[in-house]
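Colleague: Task: produce atomic coordinates for the following.
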Amino acid sequence: MKGLYIHIPFCKTICSYCDFPKIVAKENIHNIYVNRLIEEFDAYQGELKNIDTVYLGGGTPNSIDLKLLEKILIKCSTFTQNAKESTIELNPELVTEKLVILLKKYNINRVSLGVQTINENAKRLLNRHHTKEDVINAISLFNKYEISNINVDLMFGIPNTSIDDVKCDLQFILNLNVKHISYYSLILEEKTVLEHRLNKKEISLLDDDIISNMYNYISNRLITEGFHHYEISNFARYGYESIHNMLYWNCDSYIGLGAGACGYLNNVRYENNKTVNKYLKDFKLDEIEISEAERKKEYFLLGLRLVDGVSINKYKELFNSDPFVDFNLEKLINKKLIEVNGDNIKISNDKLFIGNLVFEEFVGD
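Modeller: Sure thing, here's the model as predicted:
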């Protein structure tokens, strides 16, 4: 499997929690950036063969002019005609019929809609600007043009929210019959507006117990509604699991294009310059060859993000070694952080919410 990630770093406004490479820029910068992105496509021509998945992320890909977006899609389509899955991230308030027609024209068959919440106070805190009607209209347009593989990004653990707010958000999205829901806990990233407000004591984070209860409610409710909980933060109708994200979690190869994008090819990881100005001068920031020991550890860590965990037999086939020899798994088993279930080593279901602590324990060994 091989994937292609394309980063479009532009936004109309900056969300208070976001630390991804992004910028509010004038249209002339958009044009220069897209031309540079096309040059990077050409630089990877030899590798852009047999692409299985495409993902256009941001930033906000639908914040740029449709002619520029089409320019990217035209270039992308020359390499991805046989892709199994082609996804684009979108903000609901910027979805138009012309945009959806364009996506359909270039075989985008999956959309990821950044909703996060419909709670008015929470939206103001996060600096999100869509309305309920924007979300409903966007999904109606996708359905009209038969783009039925729809993911919605939601967020819980937002300051000043309760489990009742989570219930309202989730019920609203369930009523829209989407195929996939990614539900992330708010993480306070460094150098974000939200961190600044926390440091000034303008806001406070929710207690861990409240956030844990929110997560358990979300997981139980979605499973009851027939969703497959297949990764810590991801839920899908059966058959609609994200192929592109599975590619990351299975440590398959992927090419990253654009400012701040990362790639992994032939056991080499590379990272592009994060700022647009530096990217326009030079694509790459860094390139690191991954050792066998690092590949084993990364494969195991990413595999533990999956609810089913890591296949022992597949690990042995890939690395010709035993995970119980390579890692101190007995310690994690004794702490009831992970368990062996047939051929799989997985995080215990009641520990999924504290997956990051499990990862820290694992890396610590």
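Colleague: tell me the domain boundaries of this protein?
Modeller: 2-247, 308-365 (automatic domain parsing).
Colleague: Confirm for me that residue 272 is in contact with residue 255.
Modeller: No: counting by C-beta atoms under 8 Å, residue 272 stays clear of residue 255, with 10.8 Å between them. (C-beta placed from N, C-alpha, C; glycine too.)
Colleague: got the contact list for stretch 257-268?
Modeller: By C-beta atoms under 8 Å, 6 or more residues apart in numbering, the surrounding residues in contact with stretch 257-268 are 4-9, 20-21, 33, 37, 40-41, 44, 47, 251, 253-256, 269-276, 278-279, 287-290, 295.
Colleague: ok, back up a step: turn the domains of the chain into JSON lines, including mean neighbour count.
Modeller: Rendered in JSON lines, the data for the domains of the chain read as follows (neighbours: other C-beta atoms under 10 Å):
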{"stretch": "domain 2-247", "mean neighbour count": "18"}
{"stretch": "domain 308-365", "mean neighbour count": "15"}
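Colleague: out of these, nearest to residue 302?
Modeller: Proximity to residue 302 (C-beta to C-beta) singles out domain 308-365 among the domains of the chain, at 8.9 Å.
Colleague: In terms of helices and strands, where is the residue nearest the centre of the chain?
Modeller: Geometric centre of the chain, nearest residue: residue 245, 7.1 Å, by C-alpha atoms, centre = their mean. Assessed by DSSP states H and E, residue 245 sits inside helix 243-249.
Colleague: what's the spacing between the following helix or strand past that helix and its chain's center?
Modeller: Per DSSP H and E, the first helix or strand lying C-terminal to helix 243-249 is strand 253-257. Relative to its parent chain, strand 253-257 has a centroid offset of 14 Å by C-alpha atoms, centre = their mean, to the nearest Å.
Colleague: and strand 253-257, what's its mean pLDDT?
Modeller: Strand 253-257 carries an average pLDDT of 98.
Colleague: Same question for stretch 171-181.
Modeller: Stretch 171-181 carries an average pLDDT of 99.
Colleague: same check, this time on stretch 32-47
Modeller: Averaged over stretch 32-47, pLDDT sits at 95.
Colleague: who touches it?
Modeller: With C-beta under 8 Å, 6+ apart as the criterion, stretch 32-47 contacts 6, 9-10, 25, 48, 64, 68, 71-72, 75-76, 79, 255, 257-259, 265, 276, 279-280, 283.
Colleague: Now it - C-alpha only, PDB.
Modeller: Taking Å, rounded to 0.1, in the frame of the first residue of the first chain, the C-alpha atoms of stretch 32-47 are listed here in PDB:
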ATOM      1  CA  ILE A  32       2.500  31.000  -5.700                       C
ATOM      2  CA  TYR A  33       2.100  28.100  -3.200                       C
ATOM      3  CA  VAL A  34       0.100  26.000  -5.600                       C
ATOM      4  CA  ASN A  35       2.600  26.500  -8.400                       C
ATOM      5  CA  ARG A  36       5.300  25.300  -6.000                       C
ATOM      6  CA  LEU A  37       3.200  22.300  -5.000                       C
ATOM      7  CA  ILE A  38       2.900  21.300  -8.600                       C
ATOM      8  CA  GLU A  39       6.700  21.500  -8.900                       C
ATOM      9  CA  GLU A  40       7.000  19.100  -5.900                       C
ATOM     10  CA  PHE A  41       4.600  16.700  -7.600                       C
ATOM     11  CA  ASP A  42       7.000  16.700 -10.600                       C
ATOM     12  CA  ALA A  43      10.000  16.100  -8.200                       C
ATOM     13  CA  TYR A  44       8.300  12.900  -7.000                       C
ATOM     14  CA  GLN A  45       7.200  11.600 -10.400                       C
ATOM     15  CA  GLY A  46       9.200   8.400 -10.000                       C
ATOM     16  CA  GLU A  47       7.600   7.600  -6.700                       C
END
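Colleague: now the residue nearest to the centre of the chain: how far from residue 102?
Modeller: Using C-beta to C-beta, to the nearest Å, we find residue 245 at a distance of 24 Å from residue 102.
Colleague: Next, the distance between the ends of stretch 302-312.
Modeller: For stretch 302-312, the first-to-last residue distance is 14 Å (C-alpha to C-alpha, to the nearest Å).
Colleague: ok, and what's touching it?
Modeller: For stretch 302-312, the external contacting residues (C-beta under 8 Å, 6+ apart) are 229-232, 248-251, 299-300, 323, 338, 340-341, 343-347, 349, 352, 355, 358-359, 362.
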